[in-house]
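Colleague: No letters, just coordinates:
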């Protein structure tokens, strides 16, 4: 079995975005009383949004199950207030739940959280609980920068986040650290903000005692861990200069990396420096990069090919990357 | 000859930091009339700060010339106003000039610019001109985020920066894109902010027409280009999805990467995906990581060893990385 731990519903029916645009327009009108309302999307529309996209690519590429969450850039926690974020997150998560119900062998859910800049993450606990206990979701996406590129909330290692972590530990679900759209013109979302957030989160973990406080808390750092594996020597050296234990001991019981790295040399580096136990297969399809690589004739984001092409990985290593590690990290996954 | 294109004066005599602390204290006193004042550092103190540090390491590691600039985290453009930044930058650059005068075979200067958040970079032109024409400096360090981690100024590709670029082109000097200390608790300076800024700048360049406007403008992205080489497939794919030309054609006449990557697998990746013509040797010693790598028994930042260990680099390739490319990019370098 091949589990893709990182897929977003980037192809959702247009009615979802229409609802969001109505919500955003209503935010300007102070007399408007916000309400969740209805999306009005049929099951057939959901099926149609998937059959020629994620389902087709799963079949063509030979992957089985996608751990599926709402579109990451769509979360846009910086828009509106906590109530707006709550209604929007509920709709997005409801849709993921319906998709998982329609295709239970192809998708399992991970939720968006109703974060909002400056609002304590305690407000996310109810939605996390709803998604895990009522919908059977197995994790959440946690945005380390709800401001959308201005980084005005505390680091992930601050006690600010602890109530949410307590609930994650209680429910036994991991979080993928994933920012959303950038409203800062300095940061292109998929080309800079995503990757920077990955690097930033890792360094926050490195400099903290978070995993002493939460020994069973688990994070997946997507996009191959941002810059981290490429600078693994720097991180080993920084930890050592700070008199910290080796990174393996310090972080690797709690921090995992996905394989959303869109060329073979990058995947080779990842599998050379990061223990195979800490690497989870992912492609983020249909996602950031959609074209064919002219150098290979294959899709940039068909990351399964790269993992298959790394000569030093054994069959047992590949089993771990493709499925075993995901089962361990997403311990509620029962398929 | 081996030219290290990235060294900061991290070992400057304590009197420099004392001056800075007096300046910062005086900023609180609104009645205080700011003045440049004197550092009171003797040539002997300068020599003593270098002989057992940069000079010793040059000799031990077999490098010849360091392209030398003030301490990057010390620039701290977010502290005080433009006048404070002006006085501080002048002192820092004056010291680099004196160091280059004392050891003209070992150091050549690159300047700090008196940037200040929200202040047009036009205010940096005079100091750049002073350092290049009076001191013989060959480049500058350009901070893409003078706010120190809140990214409140326009992207490097905005016309905001154009007057400075016009002067760089006129003087024929490149800039190393280098942020300074972070005052945002989310970002560790050497472990996140530096690397994020490198990645961010590259993506800004990728999405812009900057080099159509300035065909001879040159930037070095330090720390091995942040996350960029590791995600080279992502960047190739993003450019292609945006209908841009291939990255080589789009950027690589103007953008260069240094070798501050502190392990062999990272340097292997860099030299595998980035054309050898675009890679400049650098170690950033004495810098971010100071210890010995227990896996090799050598200093993490002794990057010359990694370049020597990459099996596919020819002698001609190494000559380019170690000296030829630096001579081309820093075209005012005459040694």
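Modeller: Cool, got the structure. Just so you know, these numbers come straight off a predicted model, no measurement behind them.
Colleague: Which stretches in the stretch 151-300 of chain A count as helices?
Modeller: A:162-171, A:194-206, A:210-213, A:232-241, A:247-251, A:264-273 (DSSP state H, counting those that start in this stretch).
Colleague: nearest to residue B:68, of these?
Modeller: Of all those, helix A:232-241 sits nearest to residue B:68, with 21.2 Å by CB to CB. (Glycine included, C-beta is placed from N, CA and C.)
Colleague: Pull the residues that contact that closest one.
Modeller: Contact partners of helix A:232-241, identified using CB atoms under 8 Å, 6 or more residues apart in numbering or on different chains, comprise A:202-203, A:206, A:228, A:245-247, A:250, A:273-274, B:190-191, B:223, B:261-263, B:265-266, B:288-291, B:293-295, B:300-301.
Colleague: Can you pull the residues of the stretch 51-200 of chain A lying near chain B?
Modeller: Counting by CB under 8 Å from any CB of the partner chain, the residues of the stretch 51-200 of chain A close to chain B are A:144-145, A:149-152, A:154-155, A:158, A:184-188, A:190-192, A:195-196, A:199-200.
Colleague: and with 6 Å instead?
Modeller: A:151, A:155, A:184, A:185, A:186, A:188, A:191, A:192, A:195, A:196, A:199, A:200 (CB under 6 Å from any CB of the partner chain).
Colleague: now those residues as JSON lines including neighbour count and pLDDT?
Modeller: As requested, those are exported to JSON lines (neighbours: other CB atoms under 10 Å in any protein chain shown; pLDDT from 0 to 100):
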{"residue": "A:151", "neighbour count": "26", "pLDDT": "98"}
{"residue": "A:155", "neighbour count": "23", "pLDDT": "98"}
{"residue": "A:184", "neighbour count": "22", "pLDDT": "98"}
{"residue": "A:185", "neighbour count": "14", "pLDDT": "98"}
{"residue": "A:186", "neighbour count": "26", "pLDDT": "98"}
{"residue": "A:188", "neighbour count": "21", "pLDDT": "98"}
{"residue": "A:191", "neighbour count": "27", "pLDDT": "98"}
{"residue": "A:192", "neighbour count": "27", "pLDDT": "98"}
{"residue": "A:195", "neighbour count": "31", "pLDDT": "98"}
{"residue": "A:196", "neighbour count": "32", "pLDDT": "98"}
{"residue": "A:199", "neighbour count": "29", "pLDDT": "98"}
{"residue": "A:200", "neighbour count": "29", "pLDDT": "98"}
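Colleague: got these as JSON lines, with distance to residue B:233 columns?
Modeller: Shown next, in JSON lines, are those (distance: CB to CB, whole Å):
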{"residue": "A:151", "distance to residue B:233": "27"}
{"residue": "A:155", "distance to residue B:233": "30"}
{"residue": "A:184", "distance to residue B:233": "25"}
{"residue": "A:185", "distance to residue B:233": "25"}
{"residue": "A:186", "distance to residue B:233": "23"}
{"residue": "A:188", "distance to residue B:233": "16"}
{"residue": "A:191", "distance to residue B:233": "12"}
{"residue": "A:192", "distance to residue B:233": "16"}
{"residue": "A:195", "distance to residue B:233": "13"}
{"residue": "A:196", "distance to residue B:233": "18"}
{"residue": "A:199", "distance to residue B:233": "18"}
{"residue": "A:200", "distance to residue B:233": "22"}
